[in-house]
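[1] next input, structure requested:
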Amino acid sequence: MMIEEALKIIANKILDLDEESLTELIPKYRQRMINFEPSREWELSVIIYFIINGCRVKNAQFNDRIQDYYEELKKKTPNDGWAVSRPDLRLIK
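    Take a look at the predicted model:
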């Protein structure tokens, strides 16, 4: 397996995790990272700490940019193919 494919698999699994649960783990892994010891456990703690923070940064950027995205959509006209209104749906029995 190529390293890029392995990273994509890991990233997909991380995206499925709950941000609130991850955020609760930050103090634990920050403390482990601060208390250096030459061990695999310390290395894992550093990686986990930065994965959690990476998720938080990604979510913050997403939230900021999604507002801009929808504001742009509102400015477009339906003739441009950017209709933001709800589609006309009807119940078929």
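[2] show the pLDDT at Arg30.
    For Arg30, the pLDDT comes out at 95.
[3] who touches it in this structure?
    Contacts for Arg30 (CB atoms under 8 Å, 6 or more residues apart in numbering) come out as Tyr49. In this view, the C-beta of every residue, glycine as well, is placed from N, C-alpha and C.
[4] helix or strand: which one has it?
    helix 26-34 (DSSP states H and E).
[5] and the helix or strand following that helix, what's buried?
    Sequence order places helix 40-75 as the next helix or strand after helix 26-34, per DSSP H and E. Within helix 40-75, the residues that qualify as buried are Ser45, Ile48, Tyr49, Ile51, Ile52, Cys55, counting by 16 or more other CB atoms under 10 Å.
[6] which residue is the nearest non-sequential neighbour of Arg32?
    Closest residue in space to Arg32, ignoring its immediate chain neighbours: Ser45 at 3.7 Å, by CB to CB, 6 or more residues apart in numbering.
[7] quick one: average confidence on stretch 13-20?
    Mean predicted lDDT for stretch 13-20 stands at 88.
[8] quick check: end-to-end length of it?
    The straight-line separation of the ends of stretch 13-20 (CA to CA, to the nearest Å) is 16 Å.
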